[in-house]
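> A predicted structure for the sequence below; I have some questions about it.
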Amino acid sequence: MEHAVNDIDALVREEKRLTAVESHSEAWAEGLSAGIEPEIIAEAALETAFGEMLRANGETSALALLDRMREKVVAGAFEPERLRH
């Protein structure tokens, strides 16, 4: 039974992730069409994300997220052919 609950939790989390990706993609496209450079959009998104993580979960959580993102960049997880949406 616990395995089924974990599967459902994983599916719900993935659905939320996909919805967040879609929302962020729309906001990114809106920023680009408004003439905002990608670097500025990215910096604003990261500042917002880390600010929210700090407020909600504290510095340790925000730094852990930063570490995970750095590891993904180094591993090439954000290269265009590896992105999943």
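Alright, I've got the coordinates. Numbers count the residues shown, from 1 in each chain.
> and the helix or strand in which A44 is found, what's buried?
A44 is located in helix 38-57, with elements delineated by DSSP states H and E. For helix 38-57, the neighbour count (16 or more other C-beta atoms under 10 Å) marks I41, F50, M53 as buried. C-beta coordinates here come from the backbone N, C-alpha and C atoms, glycine included.
> and the pLDDT at the last one?
Note for M53: predicted pLDDT of 92.
> also the first one?
The per-residue pLDDT reported for I41 equals 97.
> test my guess that it contacts W28.
Yes: counting by C-beta atoms under 8 Å, I41 does reach W28; the two are 5.8 Å apart.
> that older thread, now do the buried residues in the helix or strand that the helix holding A44 is followed by.
Sequence order places helix 59-75 as the next helix or strand after helix 38-57, per DSSP H and E. The neighbour-count criterion (16+ other C-beta under 10 Å) identifies A62 as the buried residues of helix 59-75.
> what's the angle from helix 59-75 to helix 38-57?
If you take axes from the mean of the first three to the mean of the last three C-alpha atoms, to 10 degrees, helix 59-75 sits at 140 degrees to helix 38-57.
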